[in-house]
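Engineer: sequence first, predicted coordinates after that:
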Amino acid sequence: MSVDSPSHGPAKATMDLHSATVRFAGDSGDGMQLTGMQFTNTSAIFGNDVSTFPDFPAEIRAPAGTVYGVSGFQLHFSSEDIFTPGDELDTLVAMNPAALKMNIAELKKGGILITNLDSFNDQNLKLAGYSHSPLVDGSLDNYRVHSVRMTEATLKAVEELEALRKEEGKEFSLSKKDAARCKNFFALGLVCWLYGRKMDPIVQFINDKFAKKADVRDANLRVLNAGFYYGETAEIFQNNFKVRKAALPPGKYREMRGNEALALGLTVASQLAGKPLFYGSYPITPATDILHELAKHKSFGVRTFQAEDEIAAIASTIGAAFAGTLAATASSGPGVALKGEAMGLAVMLELPLIIINVQRGGPSTGLPTKTEQADLLQAILGRNGECPMVVLAAARPTECFDIAIQAARIAFRSMTPVLVLTDGYLANSTEPWLVPDVSSLDPIEVEHPTEPNGPDGAYLPYKRDEWLARPWALPGTPGLMHRIGGLEKAAETGNVSYDPSNHERMVQMRQAKVDKVAEYLPEQEVFGQEDAETLVIGWGGTYGALREACTMLRAKGHKVSHAHLRCLNPFPRNLGEIIKRHKRVLVPELNGGQLCMLLRAKYLVDAQSITKIKGRPFMVTELYERIEAMMTDKTNGK
Amino acid sequence: MSVDSPSHGPAKATMDLHSATVRFAGDSGDGMQLTGMQFTNTSAIFGNDVSTFPDFPAEIRAPAGTVYGVSGFQLHFSSEDIFTPGDELDTLVAMNPAALKMNIAELKKGGILITNLDSFNDQNLKLAGYSHSPLVDGSLDNYRVHSVRMTEATLKAVEELEALRKEEGKEFSLSKKDAARCKNFFALGLVCWLYGRKMDPIVQFINDKFAKKADVRDANLRVLNAGFYYGETAEIFQNNFKVRKAALPPGKYREMRGNEALALGLTVASQLAGKPLFYGSYPITPATDILHELAKHKSFGVRTFQAEDEIAAIASTIGAAFAGTLAATASSGPGVALKGEAMGLAVMLELPLIIINVQRGGPSTGLPTKTEQADLLQAILGRNGECPMVVLAAARPTECFDIAIQAARIAFRSMTPVLVLTDGYLANSTEPWLVPDVSSLDPIEVEHPTEPNGPDGAYLPYKRDEWLARPWALPGTPGLMHRIGGLEKAAETGNVSYDPSNHERMVQMRQAKVDKVAEYLPEQEVFGQEDAETLVIGWGGTYGALREACTMLRAKGHKVSHAHLRCLNPFPRNLGEIIKRHKRVLVPELNGGQLCMLLRAKYLVDAQSITKIKGRPFMVTELYERIEAMMTDKTNGK
Amino acid sequence: MTTATEDRKFTVADFASSQDVRWCPGCGDYSVLAAVKKVLAEEGIPPEQYAFISGIGCSSRFPYYMNTYGMHSIHGRATAVATGFKIVRPDMQTWVITGDGDALSIGGNHTIHTIRRNVDLKILLFNNEIYGLTKGQYSPTSPQGKVTKSTPFGSIDDPLHPLSIALGANASFVARAVDMHPKHLMGVLRRAHHHKGTAFVEIYQNCNIFNDGAFSHAQDRKLRADNVVELVHGEPLVFGAKLDKGVVLDGQNLRVVTIGEDGFTKDDLLVHDEKADLSIHFRMARMRSPEFPDAIGVIRCVERPTYDGMVNAQIENVIAKRGRGDLQELITGRSTWDVAEVDEDE
Amino acid sequence: MTTATEDRKFTVADFASSQDVRWCPGCGDYSVLAAVKKVLAEEGIPPEQYAFISGIGCSSRFPYYMNTYGMHSIHGRATAVATGFKIVRPDMQTWVITGDGDALSIGGNHTIHTIRRNVDLKILLFNNEIYGLTKGQYSPTSPQGKVTKSTPFGSIDDPLHPLSIALGANASFVARAVDMHPKHLMGVLRRAHHHKGTAFVEIYQNCNIFNDGAFSHAQDRKLRADNVVELVHGEPLVFGAKLDKGVVLDGQNLRVVTIGEDGFTKDDLLVHDEKADLSIHFRMARMRSPEFPDAIGVIRCVERPTYDGMVNAQIENVIAKRGRGDLQELITGRSTWDVAEVDEDE
Ligand SMILES: Cc1ncc(C[n+]2csc(CCOP(=O)(O)OP(=O)(O)O)c2C)c(N)n1
Ligand SMILES: Cc1ncc(C[n+]2csc(CCOP(=O)(O)OP(=O)(O)O)c2C)c(N)n1
Ligand code: SF4
Ligand code: SF4
Ligand SMILES: [Mg+2]
Ligand SMILES: [Mg+2]
C-alpha cells in the first residue's frame, strides 16, 4: 500500500493507482506460489517496483480444502519505491472457502474479492468451518465480490482445445482432472486484465516450462487467455486499474529472494576471496533453500556437505575454516541452539567462518514456517563464557547478498566467526534487484603467512595485527605447524594456559577484537534525521515496514527519523551520538524487545519497545499508528 | 583472613588469632586434598567457623614435580563468622618446588612457609622452572621459612615401626616408597602443632580408613605424631597460634561441599514431594560429583541415568518429568550449551524440571577446573525464541542445599523448568553446615488432576491456575490423555496452533508465568542498608567475598550496603525500590559484567561493573580496594 | 497409578484422537497409523496406559493422532525422551515413532544407545529414504546417486543400513515390515508389542510426494513375491510367486537358489532362527533386492534384561538389603560435631 | 599448497612438539604416541602434511604432542571437524584421535556417519573402557557390572562393541591393536596410513589410574598368547602359546579347537580374508576372551571410493562438462528485465 493511493472507489474504464496489493490464496495444490510469482514477474518486467511475501502452510500437502492447507502469495507493486509486500489487500483471489476464511480479514474495506464459485460446495464449506456459504449471507457486503465459475470456465476452455485436437486427428492427453488443474491460470489471466498487465512474460514462461508437453502448454495458454477475456467481457467488473512504472535506477533487474541472495552472496564472496566455499548444513525450514541453491554451484567449486546434524554441520565448517577456505553454515532456531557449543570453539580458535540464522517463530519448534526476530540475544549473548562474536543482520531480501559478502570480509579481516541473522520473511520474500557488475566488486583480501613470525623461527599463531586478528597459517605450510583448541590459550604462542592473568587478558582481547570491527565498518546512517525528535531504531527484516511507516509519519509532519542497524555486535560507533540527538527512542521488533534491551543497557536511554510476536511481519499502518501513539504519549521518553 | 587479626609478629609461646588461612600445596600424588580436609575437620570439630577452597590441576595425574601437577587446598578458620576461604595465606605448606612456585605469591608478607626440603633436589627445581633453589637465594626473605626434611623424618618414623614389628616377629608390608607416601601426615601433624589443634579426629580417621591395613595405619599415625612433635621440639618455631572457637549457633554440624549439598537437596526435595528423583546427566567437570553422590542414593529411590551425551541427559529428564516425577539434570559450560534446544522444548511443554549449571571458566572448553560466573546471560537469554525460564543462583556452598529444594518448589508450583546456577568454587568449597531437622522442612505440594477440567469431559492440558501454571496429568490416568510438543500450542487445549494472535498470547503467557514467580518468592534482603549511599549487588558464589568486603568497608565508615540476588529471573519484586534508595550501584562479578547489564537495561540505573575473569574467586581485599576506589570516584554514580 | 483394565473392551475409535490427520493424501503413514490402532485395540490395554513419543518429521506427527499420552518432542531425541519416561514409568506401554532422518541422522546416537541398553520401547522407524517434512532432501538411507533438492548432481553418501546398525548395537528385537501390507505389518507390530526390551521395527514407507516408489519392489503386489522373503521362525527361507525360490548358506555366504534346480530341495534351505547369533541376523538383514529378496518379518528376537527393569531392580535390591533410606541420616552424614553455647576453650 | 617432499628424511624428533606430555605416568597413551611418531617418521611425508584432530578426553590431548597441524576440538566432534577439513584439503594426511567416550558416547553418531561415508581419515580410538579425563566414570565400552564413581552398585548398560558399530556402518577398514605391543601396533598403523578411506582402529589402552588391567588378557605377555589371535590375510586363525589352537567355522558358528585333537588339523581352520563379507568380519570382530581369542590386526580392508574424493570429483566433473562457472551469469540468472530511464508507458 502506498501512502496516498486513493482507495478503489466506483468508476468506469481504467483507474490510475500508485500501488496495489494482491494476494492469491488457495489450496497447497492449487499452484498459488507459481501464480503469484508469474504475476510478480510481469509486473516487474513492466517496470513497477515490487515486493512479495509467500505464506506456506506447515504441512507438506495437507488434505485438500482444509484451512491448514491454505497457501498464499502476496504481491505489492507500485509506481514508487516500496519496501514491503503491502499491508491490507486491494485484491484477494480465494480459490476455495478455506482460502477465503484464512485471508478475508486482510482485505481492505471496499477491496476486490475474486472467488472460484465452483469450489464453494458443501464439502469445502464444511472443511473450512463455514456452516453456510459466506458468499450469500451478507457477511462480505463490505467488499466488491466477484464470484466466478473458474473451474467450469477452465474446463470449457480445455474442452475446446480437445475438440480442436480431435479435429486435427490428434490424441489429447489431459484428463478432466488435469484440465481442472489449469484453473490458476484462469485466475492469473483475470487479474492481469484487472491490472492491465501484459501477459507476454507469462506466455513465454508457459511455452518454456511445458515445451515438451504441448497439450498442457496449450491448455494453460487457453485458460490464461480465457481469464483475461472474462475480465474484459463479463459485465461484472466496472473498471480496471493501472499502476505506472516506477522510477527505478536504470539497469538490468531480476527478482531476488532473500535465501537465494544469501547463497549467491556466499558464492560471490568465495570468488572474490579466491577461496572456494565450503558449506556445511543440515536441512531446516526456512534455511534449507540456501543449501539447495548452493548445491547447484559446483562449477564455482562450492562444496556443500549435508551433515548428519547441526553439530556436525558447524564442526565440519570449523574444520574447513582451519583447512584454509571460506566456510559457512546455516540453520534456524532449534538448529542454531545446537550449534552453541561449537560456536564457542570457533571463538576460541579465532577462525573465520560464517554462521547464518534464518530466524523463525520460537521458542522450541515454534512456528517453523513463520517469521520472527527473537534470536537476537541468543546470537549475541547465548553462549557459555564470555564469547563475543560479530553479529550482522540483513534488512531486505536483496541485502542478503551484500551481507554475505560483508560477513566474509569481516571474518577474514578480523579472524572471527561472524553470525548473520536473517528471517523467514526475508528468506522467502522477493524484490527486484539491480544486478551488480561483479567486476566492480572489491576483491576480498586474505593473507596466509609463509614464514615464522616469532623469535628463533617460532610460529606464533596468536600474535595479533592492528585489528587484533591472528595470522592464518595454511595447513601444509612448512615450519608453521601449530595446534589450536578449546582450552584457554597463552597469548601469542597459543599453547594451553591456565594462568589466571593470561585468561583475563585473552577474554578482554577477544572482546576488543570484536569491538574493533566497528572502527572499520561504516557509520550508522539515519533516514530523515534533520529535525527529528523521535528516533526509531530497527534491525533486520522489518526495515521496509519501518521505512514506509516513517515516511508516512514524516509526510504527516511528525518529527521522526529512522536508523536501521546492520551490525548488532558491535554497535556502529556513532550510534551513541545519534541516540543523544533525539528526545525519544522507539524500537519496533518482532520479539519481546531484545534490541531495545541492549540499547537501554548500553546507552542508558529510556528506549521503548514496540513488539509483535505473531509470526508475521509488521504492517505499515499498525506501525504508523503505534509509533504515532507513542510519540504523542507524554509519559514516555527522556 | 579476618579484618582485624594482627599479622604474625615475633613472639613467644602461643599467640591468639581471630582467624588464619592455611594452604597445603604439593604434587597431585601428595595427598594434599586429604590433608587439607583433615585439618579442616579437626578445626571445625574444635569449633571454628571454617571455609575451604580446593584447587585441582586440570590433568589427572600430571608427571610428578611439574607446575601443572600442583594440587592445593586452602582453609580459612576463624573465631568469627566467615564467608570465604581467605585471601592471603598466613601459612603455606609447599611439598615441592613446583608447589612453592605456584603458590608463594599468595603468602602474605611475614607469613610462614613450610617446605619439604628433601624435595628440593635438582630435578624438581628444574621441573618447577627454578634455575637454583629459592630457599637459598634470598628471594624468600620476606617470609618466615621453615625448611624441614620431611621425607627423611617420615622414613625414620616408619623405620622405627618396622623395627618394632620385626622385634615382634611380624612381617612389615610397606616398601620405602610406600613409607615416603606418608609424608603428608608429617606436614599435617606439624601444622596441627602450629595451630594447637587436637589430633583426635585425625587419629580416628586414620584408624577407620586403614582399619584393614595395620601397617599403613600405624605408619601414618607415627608420622603424624612425628610431625607434631617436630613442631614442639625443634627450635625453629618461635611460637604457635591459637584460633578460638567461633560463636556459631548451637547444634549438630558437618562439613558441606557445594556439589554434595546440591545432591542432598535434590534427594530431600524429592522426598518432601513424594516424587522419587530422576537425574539424567553426562559427566563433566565440575558438575560430575553431583552424579557420583546421587548414584549412592538408591535407597531413596533415586534413579541416576548416565546418558550418552548432554542432549540425551536433558531429553531423558524431560521424559521423566512428563512421566510425573521430580526430574533434574546438571552440566557445565559446553554441556549446558548443548542442552539449549531441549530447554526450549521444556519451556514449551511447561513441565517441571531442574537444570543445573555448575559454571566453569569459558568460553568453549576454557578452564575446566576453574570457577567463573560467565553463563548468566546464556541462562536467561541464550535460547532461540522468547524462551523465559526461572533462574536461581546459590550464594554459598551450603546454600546449594536450599536452592535445590526451592527450585523443586518453583518448578512444581509454576510448572516450569528452573535453571540453577552454581560454580566451580561453590561446588568444591566447604563450610560447616548446621544440619537441619528434616521433619521441620515444609512438604512440597504437588497436585495431579484425576478429572477432566474442560467442557464435555475434555481435558485441557494448558488451562491455567492462579500462578498461570498448567495442570500436570499423570500418564496412566484414564480420561486425561493428551499430547504435548514443541510446536506452538493453542491456549487451553494445547493443540497445535498456527494462529498469529494465539502465538502472541502464548509467548506473553509464558513470560507472565515466569514473572509471577517473583510474587511468591521472598523479597530481596539488604545487608547494612540503613544509611547506605552505595549499593553493591552480587549473585552466586561471590557472596562471601562481597559480604566480608562490605563488612570491612562499613567498619571503615563507608556507607555501603550489599544485596545478593538468589533469583536472577525474575528479579525480586522490590529490587527496583532498593536500587532507587541508593546513589550508586556497583556490581562485582566474575565475568565481563553480565548482571550489571541486566540491571542497567531493566532499571535504567548507571550501575558499574567490577569484573574479574581469572578463573578464581574474588579476594576480599581486592574487592575492598576496588569498591572503595569507585565509591570515592566522583565520575561514576547517578 | 492407573485403574485396572477390568473388562473394558476397546475399538479402533478409542485410540483415535480428535485431531485431523494432516499427512499428504496417499502417504504410507496412514496405513501404519491404521495398523497400530487396530493392533492396540485388539490387545485390550486401555489407551491411557500408552505413551507415544516422537521426534520431528512427517511421521513424528503420529502421536497427535493417537488418543493416548503423547509427546512430539524435538528432532532426533525421541528415544532419549522415551528412555527417561520409561525408567520412571515402567508400567506404561511406551512407543517411539521416528523417521529415517530423525532416528538415523540427527538421532543416530540415541538410537544405538537405546538399543544396546535394551530399554523396553517399541521403536517404529518410518523409513521413506527421504526427509519428508523439510520437503525432499536425501536422507542417510537414500541410495547413492539419489537426485534430490540438496543433491542436484546425485548424492555420494553410502547409505546407512538401519538394521545393521541396530544389530551392531546388539538389538534384542529387530524386524522389518512394509506399509502397504497391513496384515503382515500388524503381525510384526503384535510381536513388537509383546517383546520385553527394545523392539526395533523398520517400516518401508512410501513418501508419494518426494520419493514415490522407493520401495515398489516390496510394495507392489506383482513385484513383491519375487523380491521379498517373509521370515518365520523355524521355517526355511522360501519365496517367489511360485514359492520356488529359496536362500541357502554356501560356505560363509548366502545364495539364492531355485528349488528343484541344481539339485536343491526345500531341505537345503536356510531355516530361520530368531535366536541365532547376531552375525547371522546381520547377514539376513542385509539381503537386498535384486540380488537377494529383502527379509521382512521378525529377524531377531532374544531375551535380555531391560534397562528400565534393571534400573528399578537395582533400587529394589538396595532397599531390600539396606532398607529404605533414612533422610535425616543421609544429610547428617558420618562426620559431625556439636556446637554448644560458646564457652572459652582451655 | 605445500612444498615437495624432495629428499627430506624424518626422525621421530621431527614429529615431536615442544609441549610436555601430561598423561599420568604409566598411561597406555604414551606407547601409542611413540608408535605413531615412529611410523610417521618412517613414512617419509613431512610433518606439515599431517593434521591431527581430536575431541576431548585424556587421549584427545594427543595433537598437542605432535609437531604437525592439529586441533583439540570439542567433545565427540573430532570426526565431524576432520570431515570438513579433509573435504577441503584432500592433500593433507588427516588423523583423528578419540576415546571410547568421545567416539562412542557423545560422538557415536559422527563416528558412524564418517565411517559410512568413508572419509579418508585414520581414526585411532583409544579404548580404555572408562572416562579418564573426568576421573573415572564407566564408558559405553565398560563391561556390565562395572563399579565406578558413577555406578557404585555396578553399571547395568550392555556395552557397545566399537568394531560391530563400525562394521554395521559398512567400514572399509577395521583393525584392532594393543597399546603394549608396539610392534604389532605399528604394523596396524602403517596399514591404516596406507588405506584410502576411513581406517578405524580400536586400540586397547590401559588407564592405569581408573581402570588398570581392563585388557590384561591381551596385554600381559603371559596371558596374551592364549587370549589373542593375530589376524593375517590369507592365513588361518592360529593362536596359543604353543600355536596349537585355532578357530573353525562350525555350521553358522565359530568354535575354538585344539589342533591335533578331535581330528582337527591346521587345514580345517578358518582362513582370514580381509575382503570377505561384512558379516564374516562382524563375527570375527566380536570374538572375545575367554570364550574366544580377541582378534587383533587388520580385520577388514576393502576398497571403496572416499567421500572427500567423490565430493571433489563431482565438482571436477561438473566443471569438465560445463566449464568453470561464470559469476556474472550466475547472479544475473535467467529471467531479467531492463529498466531504462522512466518514460510514461502506453
Ligand atoms: C534440530 C532440528 N534440525 C532440523 C530440523 C528440520 N527437520 C525437521 S524433520 C527433518 C527430517 C525429516 O526426515 P525424517 O526423519 O526421515 O522424517 P519424514 O519427514 O521423512 O517422516 C528435519 C531435517 C528440526 N526440526 N530440528
Ligand atoms: C560437551 C562436553 N561434555 C562433557 C565433557 C566432559 N568430558 C571430557 S572428556 C570426557 C570423557 C572422556 O572419556 P574418553 O573419551 O573415553 O577419553 P579418555 O579420557 O578415557 O581418554 C568427558 C565426559 C566435555 N568436555 N564436553
Ligand atoms: S511429504 Fe511424504 S512422508 Fe511427508 S506426509 Fe507427504 S507423503 Fe508422507
Ligand atoms: S587418567 Fe587414565 S587414561 Fe587418563 S592419562 Fe591417566 S592413565 Fe591415561
Ligand atoms: Mg524420512
Ligand atoms: Mg576412555
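Structural biologist: Great, that's in hand. Ligands and ions are numbered 1, 2, ... in the order given.

Engineer: up against chain A, what does the stretch 1-150 of chain C have?
Structural biologist: C:20-25, C:56, C:58, C:74-76, C:105-106, C:108, C:131-135, C:137-138, C:140, C:149-150 (C-beta under 8 Å from any C-beta of the partner chain). Glycine gets a C-beta too; all of them are placed from N, C-alpha and C.

Engineer: which of the residues you listed fall in strands?
Structural biologist: Here DSSP state E is the test, and those give no hits in strands at all.

Engineer: just the buried residues from these, in ChimeraX please.
Structural biologist: With 16 or more other C-beta atoms under 10 Å in any protein chain shown as the criterion, this ChimeraX line picks the buried residues out of the residues of the stretch 1-150 of chain C next to chain A:
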select /C:21,22,23,24,56,58,74,75,76,105,106,108,131,132,133,134,135,137,138,140,149,150
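
Engineer: for the residue of the stretch 501-638 of chain A at minimum distance from ligand 2, what are its contacts?
Structural biologist: For the stretch 501-638 of chain A, the residue closest to ligand 2 is residue A:503, as judged by C-beta to the nearest ligand atom, at 17.4 Å. Contacts for residue A:503 (C-beta atoms under 8 Å, 6 or more residues apart in numbering or on different chains) come out as A:488, A:497, B:361, B:367, B:370, B:613, B:614, B:615.

Engineer: mind listing what's buried along the helix or strand containing it?
Structural biologist: With elements taken from DSSP states H and E, the one containing residue A:503 is helix A:500-520. Neighbour-count burial for helix A:500-520 flags A:500, A:502-507, A:509-511, A:513-518 (criterion: 16+ other C-beta under 10 Å).

Engineer: quick one: low-confidence ranges for chain A?
Structural biologist: Low-confidence segments of chain A, defined by pLDDT under 70: A:1-12, A:235, A:634-638.

Engineer: any part of stretch C:18-33 near ligand 1?
Structural biologist: No: figure legend: stretch C:18-33 not in contact with ligand 1 (C-beta under 6 Å from any ligand atom); closest approach 7.2 Å.

Engineer: quick check, that stretch touching ligand 5?
Structural biologist: No: contact of stretch C:18-33 with ligand 5 (C-beta under 5 Å from the ion) is absent, the minimum separation being 10.1 Å.

Engineer: what about that stretch, near ligand 3?
Structural biologist: Yes: using C-beta under 6 Å from any ligand atom, we find that stretch C:18-33 touches ligand 3 at C:23, C:24, C:27, C:29.

Engineer: just checking, which of the residues you listed belong to helices?
Structural biologist: residue C:29 (DSSP state H).

Engineer: any chance of the residues of stretch C:18-33 next to ligand 3 in TSV, plus pLDDT and distance to ligand 6?
Structural biologist: TSV is the format used below for those (pLDDT from 0 to 100; distance: C-beta to the ion, whole Å):
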residue	pLDDT	distance to ligand 6
C:23	93	44
C:24	91	46
C:27	96	44
C:29	97	41
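
Engineer: farthest-separated two in the residues of stretch C:18-33 next to ligand 3?
Structural biologist: C:24 and C:29 (8.7 Å; C-beta to C-beta).

Engineer: ok so, going back, which of the residues of stretch C:18-33 next to ligand 3 lies closest to residue B:103?
Structural biologist: residue C:29 (65.7 Å).

Engineer: got the contact list for the closest one?
Structural biologist: C:23, C:58, C:59, C:62, C:126, C:179, C:205.

Engineer: tell me how far it lies from ligand 2.
Structural biologist: 35 Å (C-beta to the nearest ligand atom, to the nearest Å).

Engineer: repeat for residue A:277
Structural biologist: Separation of residue A:277 from ligand 2 (C-beta to the nearest ligand atom): 28 Å.

Engineer: show me what from the stretch 51-200 of chain C comes close to ligand 5.
Structural biologist: Contacts of the stretch 51-200 of chain C with ligand 5, taken as C-beta under 5 Å from the ion, map to C:99, C:100, C:128.

Engineer: near ligand 1 at all, stretch C:145-158?
Structural biologist: No: Stretch C:145-158 lies out of reach of ligand 1 by C-beta under 6 Å from any ligand atom, never closer than 10.4 Å.

Engineer: excluding chain neighbours, what is closest to the residue in the stretch 301-450 of chain A that ligand 2 sits nearest to?
Structural biologist: Distances between the stretch 301-450 of chain A and ligand 2 by C-beta to the nearest ligand atom are smallest at residue A:341, namely 6.0 Å. Excluding its sequence neighbours, the residue lying closest to residue A:341 (C-beta to C-beta, 6 or more residues apart in numbering or on different chains) is residue B:337, at 3.8 Å.

Engineer: which residues touch that neighbour?
Structural biologist: A:340, A:341, A:344, A:383, A:384, B:378.

Engineer: what segments of the stretch 501-638 of chain A are strands?
Structural biologist: A:526-527, A:534-539, A:560-565, A:567-569, A:584-589, A:608-611 (DSSP state E, counting those that start in this stretch).

Engineer: may I have the strands that pair with the fourth one, each with its orientation?
Structural biologist: Right, strand A:567-569. Sheet pairing of strand A:567-569 (DSSP bridges) gives strand A:390-393 (antiparallel).

Engineer: the first one too?
Structural biologist: Using DSSP bridges, strand A:526-527 pairs in its sheet with strand A:560-565 (antiparallel).

Engineer: from memory residue A:612 sits against residue B:501, does it?
Structural biologist: No: in this structure residue A:612 lies outside contact range of residue B:501 using C-beta atoms under 8 Å: 10.6 Å.

Engineer: can you tell me how far residue C:277 is from residue A:591?
Structural biologist: As judged by C-beta to C-beta, to the nearest Å, residue C:277 and residue A:591 stand 57 Å apart.

Engineer: between these two, who's got more neighbours?
Structural biologist: Shown here are residue C:277 and residue A:591; by other C-beta atoms under 10 Å in any protein chain shown, residue A:591 has more neighbours (24 against 17).

Engineer: go ahead and confirm that one touches residue A:614.
Structural biologist: No: using C-beta under 8 Å, residue A:591 is not in contact with residue A:614; the gap is 11.2 Å.

Engineer: of all the residues in the stretch 201-346 of chain C, which one is nearest ligand 5?
Structural biologist: Nearest residue of the stretch 201-346 of chain C to ligand 5 (C-beta to the ion) works out as residue C:207 at 6.6 Å.

Engineer: I'd assumed that residue was in a helix, is it?
Structural biologist: No: looking at residue C:207 with DSSP: H, G, I helix; E, B strand; the rest coil, it is coil, so not inside a helix.

Engineer: report the contact partners of it.
Structural biologist: Contacts of residue C:207 (C-beta under 8 Å, 6+ apart): C:27, C:28, C:58, C:128, C:129, C:130, C:132, C:214.

Engineer: the third one contacts residue A:60, correct?
Structural biologist: Yes: between residue C:58 and residue A:60 a contact is recorded at 6.6 Å, counting by C-beta under 8 Å.

Engineer: ok, and the closest non-adjacent residue to the residue of the stretch 201-346 of chain C closest to ligand 5?
Structural biologist: Of all residues beyond its chain neighbours, the one nearest residue C:207 is residue C:128 (3.9 Å), with distances taken as C-beta to C-beta, 6+ apart.

Engineer: gap between the one you found and residue C:153?
Structural biologist: The value you get for residue C:128 to residue C:153, if C-beta to C-beta is used, is 22 Å.
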